[in-house]
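Student: Task: produce atomic coordinates for the following.
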Amino acid sequence: MELKQAQLDREAVQEAMAEATALLEKEAKAFASAQTEYDTNVAALRNAIAALEKGMAGSFLQTPAAKVLRQLALSSPEMVDMERQVLVAFLSEGSEYAPKSGEITGILKEMLDTMSKALEDTAETEQKNY
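Tutor: Presented below is the predicted three-dimensional model:
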């Protein structure tokens, strides 16, 4: 009787470990995907800020990083609508909108800070899982 119970307990533990392992693998994949997206967005923000600070806004608007930022501006729920409009107008190709680069740089730096913090928090949470 005790042997049978021990076998049942062992099977239950193995099932629980398999479920926990599957959950951790799923969370690791989600983290890897989020980290890739954050890394891409952070790199685009850094490129944009550097280009604006050097006075190279026009040439930056032609880069793939500008396209990433445009998509980010359109999809970011953290952005204030007014900032979104200013940033999207600035990033739109052929736009005649010419804001002061300081305003755009400020918006981009806020976005960079927010994303960097979110990436840090996500990585910290992932570390705690292991």
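
Student: Okay, now the unreliable bits of this structure?
Tutor: For the chain, the stretches flagged by pLDDT under 70 are 56-58, 93-101, 129-130.

Student: Find the centremost residue of it, please.
Tutor: By Cα atoms, centre = their mean, the chain has its centre lying nearest to residue 38, at 2.7 Å.

Student: What strand or helix carries that residue?
Tutor: helix 2-53 (DSSP states H and E).

Student: helices or strands next to that helix in the packing?
Tutor: Here helix 2-53 touches helix 57-60, helix 64-75, helix 101-129, going by 3 or more Cβ pairs under 8 Å, 6 or more residues apart in numbering; DSSP states H and E. Every C-beta, even on glycine, is put in place using the N, C-alpha and C of the backbone.

Student: what about residue 77, which SS state?
Tutor: Secondary structure state of residue 77, per DSSP: H, G, I helix; E, B strand; the rest coil, is coil.

Student: same question but for residue 84, I mixed them up
Tutor: Classified using three-state DSSP, residue 84 is helix.
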